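S.K.: quick one, structure for this:
(one chain, ligands or ions: 1)
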Amino acid sequence: MTQELLTLHNATYQYPDNPWRLEPCSLAFKSGEVKAVIGPNGSGKSTLLKLAAHVIKPGSGKVVLDGREMKSISNRERARVLGYLPQHVRTHLDYTVGEVVSMGRFARLRGAGFLDSNDLAIVENCLEQTRTTHLKDRSFTNLSGGERQRVVLASVLAQEPRVLLLDEPTSAMDMHHEVSFFQLLDQLVKGGMAVGVVTHDLNIASVFAHTLTLMRDGAIVQEGSPRRIITPEVLSEAYGPGIEVMQHPTLDVPVVFPAPGLTGEKGEGR
Ligand SMILES: Nc1ncnc2c1ncn2[C@@H]1O[C@H](COP(=O)(O)OP(=O)(O)OP(=O)(O)O)[C@@H](O)[C@H]1O
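M.R.: Numbers count the residues shown, from 1 in each chain. Next up, the predicted model:
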């Protein structure tokens, strides 16, 4: 049975210096499910995820993690249940990949605060799962964008979270690495994790997500299965016209293309 591990109840948010506002949002991240949050630039996807991860706090409404209101949970407790990967991970400090992934264990360290053999085995396993073992001794700052994204996932997985929130985690990956990344998410949810992922790749979302949450202008406009959301009618509510949807040639899912003639110079006049 799917269990709601993280829920937003009419959560709103307004940045201090910006009239833009996240309208009351209610949604649940469930065990066994990948939920993709989609929508045009500036529609509020990252804000929604930051609220869910307690990086920012709701102006009204509430966020509940594993049955407890988020504001009553300590940072350490939260990090044992919830892993959050922001859109941009910046570091100027010269850590190795192994060190970056080991940092994911901090919320779970016991005793004197050193990694024991169990922690080290978990770090190795997270490197393997994300195919980054060969990068272990490299400096994190010298990695390519796609390599960094795999390493920060490894670090978040080292927390052993039950809920994983990922903001555009594959934006710098080539298509094969993107597919293996989503295959890993699929395995993780089969093991009982709840995953929320912001992505602009509607086709990868159609293949791997169980539910799509579509946003526009700071509000959730639709939620449902890929088959229900990936239609020209529903998508155009958020993205406007110029969308074509077809059946994937080998998988039983819809795929989406910009419609030539409506999307700029290349399509005009064809
Ligand atoms: N720190 C901030 N301070 C003020 N306004 C912000 C801040 N971060 C985001 N915004 C504004 O809030 C709105 C929603 O931004 P958000 O990053 O949630 O959108 P998004 O859907 O994730 O966009 P994108 O697809 O471009 O990443 C935008 O108008 C943005 O300019």
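
S.K.: which residues of this protein lie near the ligand?
M.R.: Neighbours of the ligand within the chain, by C-beta under 6 Å from any ligand atom: 15, 17, 18, 20, 39, 41, 42, 43, 44, 45, 46, 47. (C-beta placed from N, C-alpha, C; glycine too.)

S.K.: separation between the last one and residue 198?
M.R.: Put plainly, it is residue 47. Separation of residue 47 from residue 198 (C-beta to C-beta, to the nearest Å): 10 Å.

S.K.: check the fourth one too.
M.R.: To residue 198, residue 20 is 17 Å away according to C-beta to C-beta.

S.K.: tell me which of the two has more neighbours.
M.R.: When residue 20 is set against residue 198 and neighbours are counted by other C-beta atoms under 10 Å, the residue ahead is residue 198, at 24 against 12.

S.K.: run through the bridge partners of that one.
M.R.: Per DSSP bridges, residues listed as beta-bridge partners of residue 198: residue 37, residue 167.

S.K.: from what I can see it touches residue 37, true?
M.R.: Yes: with contacts counted by C-beta atoms under 8 Å, residue 198 reaches residue 37, the gap being 4.7 Å.

S.K.: find residues that contact each of the two.
M.R.: Taking C-beta atoms under 8 Å, 6 or more residues apart in numbering as the contact criterion, the common neighbours of residue 198 and residue 37 are 45, 49.

S.K.: helix, strand or coil for residue 98?
M.R.: helix (DSSP: H, G, I helix; E, B strand; the rest coil).

S.K.: right, I mislabeled it, should have said residue 214
M.R.: Recorded secondary structure, residue 214: strand (three-state DSSP).

S.K.: now it, which residues is it bridged with?
M.R.: For residue 214, the beta-bridge partners under DSSP bridges are residue 38, residue 222.

S.K.: measure it to residue 205 for me?
M.R.: Using C-beta to C-beta, we find residue 214 at a distance of 10 Å from residue 205.

S.K.: could you name every residue contacting both of those two?
M.R.: Listed as contacting both residue 214 and residue 205 by C-beta under 8 Å, 6+ apart are residue 38.

S.K.: tell me the contacts of residue 86?
M.R.: For residue 86, the contacting residues are 50, 55, 167, by C-beta under 8 Å, 6+ apart.

S.K.: looking at the residues you listed, which has the most residues close by?
M.R.: Once you tally neighbours by other C-beta under 10 Å, residue 167 ends up highest among the contacts of residue 86, having 23 neighbours.

S.K.: who's in contact with that one?
M.R.: Applying C-beta under 8 Å, 6+ apart, the residues contacting residue 167 are 45, 46, 49, 84, 85, 86, 87, 197, 198.

S.K.: mind running it again at 10 Å?
M.R.: Listed by C-beta atoms under 10 Å, 6 or more residues apart in numbering, the contact partners of residue 167 are 37, 45-46, 48-50, 53, 55, 84-89, 196-199.

S.K.: look at the closest residue to residue 99 other than its chain neighbours and report its pLDDT.
M.R.: Here the nearest residue to residue 99 in space, its sequence neighbours aside, is residue 140; by C-beta to C-beta, 6 or more residues apart in numbering that works out to 7.8 Å. For residue 140, the pLDDT comes out at 93.

S.K.: the host helix or strand of residue 236 packs against which elements?
M.R.: In the assignment (DSSP states H and E), residue 236 maps to helix 232-239. In terms of contacts (3 or more C-beta pairs under 10 Å, 6 or more residues apart in numbering; DSSP states H and E), helix 232-239 is packed against strand 34-38, strand 211-216, strand 219-224, helix 226-229, strand 243-247, strand 254-258.

S.K.: winner for burial among those?
M.R.: Of all the helices and strands packed on helix 232-239, strand 34-38 has the most neighbours on average by mean count of other C-beta atoms under 10 Å, namely a mean of 25.

S.K.: what's the angle from that one to helix 232-239?
M.R.: Inter-element angle recorded for strand 34-38 and helix 232-239: 60 degrees (by axes from the mean of the first three to the mean of the last three C-alpha atoms, to 10 degrees).

S.K.: ok, residue 166 - contacts?
M.R.: 34, 36-37, 49, 83-87, 149, 152-153, 156, 181, 185, 195-199.
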